[in-house]
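Trainee: Sharing a sequence plus its predicted fold:
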Amino acid sequence: MKLRQLEYFHEVIEQDFNISAAAKTLYTSQPGVSRQLIDLADELGVELFLHEGKRLIGLTRAGMEIADIVARVLIDVRRIREIGGTLATERHGSLKVVANRHAANNLLHHAVVDFCEMMPEVDVTVSEENTIEATAMLRIGQADLGLLAQAQAPDQDPDLLYFPIEEWRLLLVVPQGHPLLGMPTIELRDLAHYTVGSYDHSAQSRLVIDAAFAQAGLDSPVNISFASSQRILQFVNRKIGIAIVAEAAFSPAEFPELRGLDVTHLFRSLFTDLVLPRRNSPPRHVFNFLSILAPHITPTTFGDAIAA
């Protein structure tokens, strides 16, 4: 018994016992289909079809019982092929990650390196985008997962799933000897006297900064914007002004002439969320990547989030 014989038998039934229609669907000849049906019946030793002359009009009792089994077998065959296709895609596939600059700098590097060692055959692409663009890419399938700074839960997209994986804070950075270093407590109004540099308006951290000043009834003093933490710190290092950056972005060893000041009482913390499209289940290589980046997010965790 051959799989092809079962497929031909099933398709003839699907085409209301029209062998010509079945042959067309199967991209083969009518005599070829007829030959496979005869061979199948000979091997089983039973008649499968009822005939009216040369025309098939239905199934015998044996044919009906066999047809039910064949239908289930072919479903399993399709599942086997789908599994094989999925695994083949993963072995030679791609992983597309979209991230805000903070997450790209501080979370992804080691995870990507370890994943490339685990699955060197998978191409990894990391795209640095603001939250609005990144969310759109995830929603329409241009990215497999995202690492995004989220300031407020109401802004979350209902078509995506959000898993908090990191809390981070903002830091005030000033040159060594700056007057702010001698103040026991820094208030928002104290920053208004200086040139302040920070991230551009599309960054979630900038939204948090501007919102803090607005809630205090003050205009935001941030009047110089940069695309990266490194450029912001270089701006301060040249003693042009002061800056507000992500705490993890400042390294005293790299900038020994600068000092970091705690301003957690002025600006609320931010969270980096792992963001995934809301679908039945990501490909296996995505979970392999998550096992490195965020081991607590398992297929079970994902399934519970879908059901919630």
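Mentor: Done, it's in.

Trainee: Now for the chain, the helix or strand with the poorest mean pLDDT.
Mentor: Counting by mean pLDDT, DSSP states H and E, the weakest-scoring helix or strand in the chain turns out to be helix 101-106, with a mean of 67.

Trainee: Quick one: name whatever helix or strand follows that one.
Mentor: Per DSSP states H and E, the first helix or strand lying C-terminal to helix 101-106 is helix 108-118.

Trainee: helices and strands around the helix or strand where Thr135 lies, which ones?
Mentor: Element membership for Thr135 (DSSP H and E) is helix 131-139. Packing contacts for helix 131-139, counted by 3 or more Cβ pairs under 8 Å, 6 or more residues apart in numbering; DSSP states H and E, involve strand 94-99, strand 145-150, strand 160-168, strand 270-277. C-beta: built from backbone N, CA, C; applies to glycine.

Trainee: For that helix, output the C-alpha coordinates as CSV.
Mentor: Extracted as CSV, the C-alpha positions of helix 131-139 are listed here (Å, rounded to 0.1, in the frame of the first residue of the first chain):
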residue,chain,number,x,y,z
THR,A,131,8.2,52.5,20.1
ILE,A,132,5.6,53.6,17.6
GLU,A,133,7.5,52.1,14.6
ALA,A,134,8.4,49.0,16.5
THR,A,135,4.8,48.3,17.5
ALA,A,136,3.7,48.7,13.9
MET,A,137,6.4,46.2,12.7
LEU,A,138,5.3,43.6,15.3
ARG,A,139,1.6,44.0,14.5
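
Trainee: Next, the angle strand 94-99 makes with it.
Mentor: Between helix 131-139 and strand 94-99, the angle comes out at 150 degrees (axes from the mean of the first three to the mean of the last three Cα atoms, to 10 degrees).

Trainee: Show me which residues of helix 131-139 are buried.
Mentor: 131, 134-135, 137-139 (16 or more other Cβ atoms under 10 Å).

Trainee: swap in stretch 248-256?
Mentor: Buried, per 16+ other Cβ under 10 Å, within stretch 248-256: 249-250, 255.

Trainee: Same question for stretch 175-187.
Mentor: 175, 178, 180, 186.

Trainee: distance between the ends of it?
Mentor: For stretch 175-187, the first and last residues are 18 Å from each other (Cα to Cα, to the nearest Å).

Trainee: chain center to that stretch: distance?
Mentor: Mean C-alpha position of stretch 175-187 versus that of the full chain (Cα atoms, centre = their mean, to the nearest Å) differs by 42 Å.

Trainee: Quick one: mean pLDDT for it?
Mentor: The average pLDDT for stretch 175-187 rounds to 94.

Trainee: So which residues make contact with that stretch?
Mentor: 172, 174, 190, 194, 236-237, 239, 242, 257-259, 261, 263, 265-266 (Cβ atoms under 8 Å, 6 or more residues apart in numbering).

Trainee: Make a PyMOL selection of the buried ones in those.
Mentor: In PyMOL, a selection of the buried entries from the contacts of stretch 175-187 looks like this (16+ other Cβ under 10 Å):
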select buried, resi 172+174+194+236+237+242+258+259+263+266
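
Trainee: Tell me which of the contacts of stretch 175-187 fall in strands.
Mentor: Mapping these onto strands (DSSP state E) picks out 172, 174, 242, 258-259, 261.

Trainee: before we move on, the earlier item: and which of the buried residues of stretch 175-187 is nearest to Ala41?
Mentor: For the buried residues of stretch 175-187, the closest approach to Ala41 (Cβ to Cβ) belongs to Ile186, at 89.4 Å.

Trainee: Look up how far Val122 lies from the residue of the chain most remote from its centre.
Mentor: Within the chain, Gly53 marks the point farthest from the mean C-alpha position, 59.0 Å out by Cα atoms, centre = their mean. Distance check for Gly53 against Val122: by Cβ to Cβ, to the nearest Å, it reads 58 Å.

Trainee: Please apply the same query to Gly58.
Mentor: 51 Å.

Trainee: neighbour-wise, which of the two wins?
Mentor: Under the criterion of other Cβ atoms under 10 Å, the comparison of Gly58 against Val122 puts Val122 first, with 20 against 13.

Trainee: how about the helices of the stretch 201-308 of the chain, start to end?
Mentor: All helices of the stretch 201-308 of the chain, identified by DSSP state H, counting those that start in this stretch, fall at 204-215, 229-237, 284-293, 299-307.

Trainee: Select, out of those helices, the one closest to Thr28.
Mentor: Of all the helices of the stretch 201-308 of the chain, helix 284-293 sits nearest to Thr28, with 34.8 Å by Cβ to Cβ.
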